[in-house]
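Visitor: structure for the following, please:
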Amino acid sequence: MSPIASVCVCSDYFNVNDDGELCLNPGTMGLRQTRYFKEPGTFQFAKDDYPWLARVRVLVQGGGGGSAGANAASNECIVRPGAAGGGYAEAMVDASALGAVETIVVGAGGAAGTSNGAGGAGGTSSFGGYAVALGGDGSTAAQSSGTVPDAVQGTVGPFASSGDMASGGGSGAGGIRLSGTNGLSGQGGDSRLGHGGFPRTTDGPGTAPRGYGGGAGGALSLGDSQPGFDGGAGIVIIELYG
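Guide: Prediction:
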């Protein structure tokens, strides 16, 4: 008879179970799956759906603010500042520390303002209590209709909230009216995973952010009604490690 072969394996990565089967050690498989939650709303993460799970890394982006509307009188001008971008947070969590079910919240982008109404604030995004990212504020409608030079302050970005790493969102830029026919609206604030809407020098509505969590750019009115624009929605990304 041929001799029985023996194989040596590294115990850092493998073990032999009670049935004599060669198995990978938990936590040594690396990244196995990534889940994306892109739609605003509330969702559930159940760790028992992943029996091999060793840890998760979560990336959480808050929603961006919406920009204000502008409605100047005939032959007059109004400029609006940009809205703020949403905050961002990350966390690495061992599976043993997770609850059976963790709640995921994806913050919506702030609503656009209409007529001379302010923009809405973006929603907070979170993964349980491990990573929380605040939404950005909407831009104000402080400037009144006119023809004389006038500057409007930008929108302050949100502070960092909580996580292993957390950062605030970008501030929306201010705007300036030079005359009744000339002005510059504010650029929207950037986020970690998105960009703010562009500033404008022509009559028109607020401008769209790109990516996730950016603030909307400001509207500019030359004697007509222009709406703002919605902020960018947040996102929650979960990396699952085995």
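Visitor: contacts only, for A219.
Guide: Each residue near A219 by CB atoms under 8 Å, 6 or more residues apart in numbering is listed here: 67-70, 78-80, 113, 185, 200, 204-206, 226-229. (Each C-beta comes from the backbone N, C-alpha and C, glycine too.)
Visitor: how does it look with 6 Å?
Guide: With contact set as CB atoms under 6 Å, 6 or more residues apart in numbering, A219 has these partners: 70, 80, 205-206, 226, 228.
Visitor: highest neighbour count among the residues you listed?
Guide: With neighbours defined as other CB atoms under 10 Å, the most crowded of the contacts of A219 is R80; it has 37 neighbours.
Visitor: so what's it up against?
Guide: Going by CB under 6 Å, 6+ apart, the list of residues near R80 reads 67-68, 70, 139, 185, 218-219.
Visitor: re the thing from before, and the contacts of A219 as a markdown table, adding pLDDT, secondary structure and distance to S145?
Guide: Conversion of the contacts of A219 to a markdown table gives the following (pLDDT from 0 to 100; DSSP: H, G, I helix; E, B strand; the rest coil; distance: CB to CB, whole Å):
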| residue | pLDDT | secondary structure | distance to S145 |
| --- | --- | --- | --- |
| A70 | 98 | strand | 9 |
| R80 | 98 | coil | 12 |
| P205 | 98 | coil | 17 |
| G206 | 98 | coil | 17 |
| Q226 | 98 | strand | 12 |
| G228 | 98 | coil | 16 |
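Visitor: possible to save those residues as JSON lines with distance to A100?
Guide: Written out in JSON lines, the entries for the contacts of A219 read as follows (distance: CB to CB, whole Å):
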{"residue": "A70", "distance to A100": "49"}
{"residue": "R80", "distance to A100": "46"}
{"residue": "P205", "distance to A100": "46"}
{"residue": "G206", "distance to A100": "43"}
{"residue": "Q226", "distance to A100": "49"}
{"residue": "G228", "distance to A100": "42"}
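Visitor: farthest-apart pair in the residues you listed, please.
Guide: With distances taken as CB to CB, the most widely separated pair in the contacts of A219 is R80 and P205, at 9.9 Å.
Visitor: quick one: low-confidence ranges for this structure?
Guide: Confidence mapping of the chain against pLDDT under 70 gives the ranges 1-14, 20-24, 26-27.
Visitor: name the helix or strand for the closest residue to I176 other than its chain neighbours, please.
Guide: In space, not counting the residues next to it along the chain, I176 is nearest to A151; the distance is 4.8 Å by CB to CB, 6 or more residues apart in numbering. Under DSSP states H and E, the secondary-structure element containing A151 is strand 150-152.
Visitor: in its sheet, which strands sit next to whatever helix or strand comes next after that strand, and in what direction?
Guide: Later in the chain than strand 150-152, the nearest helix or strand by DSSP H and E is strand 165-167. Based on DSSP bridges, the strands next to strand 165-167 in the sheet, each with its direction, are strand 88-94 (antiparallel).
Visitor: give the other helices and strands that the helix or strand just after the strand it pairs with contacts.
Guide: Downstream of strand 88-94, the first helix or strand assigned by DSSP H and E is strand 101-106. Secondary-structure packing of strand 101-106 (3 or more CB pairs under 6 Å, 6 or more residues apart in numbering; DSSP states H and E): strand 41-46, strand 125-127.
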